[in-house]
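>>> no sequence on this one, just coordinates:
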DNA sequence: TTAAGTGCAAAAGCTTTGCGGGTAG
DNA sequence: CTACCCGCAAAGCTTTTGCACTTAA
C-alpha cells in the first residue's frame, strides 16, 4: 500500500517541524497501527507492537496514540463500544456500523464523498471534514436474525 | 416536545407486544433520558433518575439502557470518548463532533437528510439508517486555539 | 545538556456478572 | 404461579497518574 509510507513521512516531517522527539516506540506504534489495518483498540496495538519492541509498556501505547491523534496523523474512531478505537486511515472514507454487534467496517463511495458540507456558522462550529455512518446489520448478525 | 410522548408510547406498545415487563424503573429511566436531552452517559442518567426513584441501582440503569437500545427505543451514540453515551432522539439527525474536546452536538439539516444511501450489498450489509458526522472544532476549542 | 519520553505500579473510571429476593403478567 | 427483573457486592476491563530513570536533539 502506498499510503502507509506517506503516513510515516507525514509523521516524521511533523516531528521535525514541531520539535517532537522521534522515538523508537513512536515509530513502532505507528507502523503497527498501519499494518493492523482495521480499527484496533489501544490494547490490540500493544499486543501487536510487543512483537517488535518487547519492553514497550501499555502506558506508552496509550500516550503515543493520543499524541498521534493530536498531530493529525491518525484519528480516533467514533465507535459505540466501550474501548476507544483508532484509525490509521485519514483519507476520506465512511463506515458501516452494525447495530447488533457494534462492529465498524470501512466503506468508500464517491457519491458519499461528494456531500456538500452545510453551513454550521450559526453554532460557531468550524468543519474540517466529515464521515457518513451507515447503520444497520452486518452479514453475520443478519443471518443470526434470520434463524430466530 | 411532542416526540417524548410518542417515544414513551412506542416503548409501552413494544413491551406489551413482546411480553417485556413494564417496570417502574424502566419507565423512570426512559423518562429521565428524554428529559435530559443531550447525550448522557449511563452514570449521568443514574444521577438524574435517583431523584425520582431513590433506591434505583447503577446496575439497573446500565441494564435497562441496553434493553432500550435492543428494543429500538433509543440508540447508542457513536462517540470518541471513553464512556458510552445514549441518545433518546431516534429521528434522523446528525452530529458535530469536536476533534479537540470530543463533544458531540446535535445538528439537523434537510440537505444532509436527503442523502442517497449507496448500495452495500457487496459486503452483505443491510442499511437501516444513517448519520453524518461533521468533524472539526467547536466554538470554545476554536477560541482556545486562537489564543495560542 | 536538557526538555521530553518511557516504564512501572498503583489508582481511578466504566461496565458486567452472580446471586438471593422481589414483582409484573 | 413463574419467568423475568432488581439491588448488592465484587470482579473485570480500560485508561490515567505520579515518579524515577532514560533518551533524542
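Received, thanks. The structure displayed is predicted, hence computed values, not measured ones. Residues are numbered from 1 along each chain as shown, chains lettered A, B, ... in the order given.

>>> Near DNA strand C, which residues of chain A are found?
Residues of chain A lying near DNA strand C by CB under 7 Å from any atom of the strand: A:20-21, A:23-26, A:53, A:55-57, A:59-60, A:63-64, A:67, A:82. C-beta coordinates here come from the backbone N, C-alpha and C atoms, glycine included.

>>> if you set the cut-off to 6 Å instead, what comes out?
With the criterion set to CB under 6 Å from any atom of the strand, chain A comes near DNA strand C through A:20-21, A:23, A:25-26, A:55-57, A:59-60, A:63-64, A:82.

>>> Check the residues you listed and tell me the two furthest apart.
Spanning the widest gap among the residues of chain A next to DNA strand C are A:21 and A:82, at 32.1 Å by CB to CB.

>>> Neighbour count for the two, which is higher?
Taking neighbours as other CB atoms under 10 Å in any protein chain shown, residue A:21 and residue A:82 compare with residue A:82 leading, 10 against 6.

>>> And the residue nearest the centre of chain A?
The centre of chain A sits closest to residue A:87, judged by CA atoms, centre = their mean, with a distance of 1.0 Å.

>>> who does that residue bridge with?
residue A:75 (DSSP bridges).

>>> quick one, what contacts it?
By CB atoms under 8 Å, 6 or more residues apart in numbering or on different chains, the contact set of residue A:87 is A:39, A:74-77.

>>> Give me the pLDDT value at residue A:116.
Note on residue A:116: pLDDT of 95.

>>> how close does it get to DNA strand C?
Distance, residue A:116 to DNA strand C, by CB to the nearest atom of the strand, to the nearest Å: 34 Å.

>>> What of residue A:93?
From residue A:93 to DNA strand C the distance is 26 Å (CB to the nearest atom of the strand).

>>> for chain A, what spans make up the strands?
Using DSSP state E, the strands of chain A run over residues A:75-77, A:85-87, A:94-98, A:104-107, A:126-137.

>>> Report the inter-axis angle for the third one versus strand A:126-137.
If you take axes from the mean of the first three to the mean of the last three CA atoms, to 10 degrees, strand A:94-98 sits at 40 degrees to strand A:126-137.

>>> tell me what strand A:94-98 is packed against?
strand A:104-107, strand A:126-137 (3 or more CB pairs under 8 Å, 6 or more residues apart in numbering or on different chains; DSSP states H and E).

>>> Done for today, thanks.
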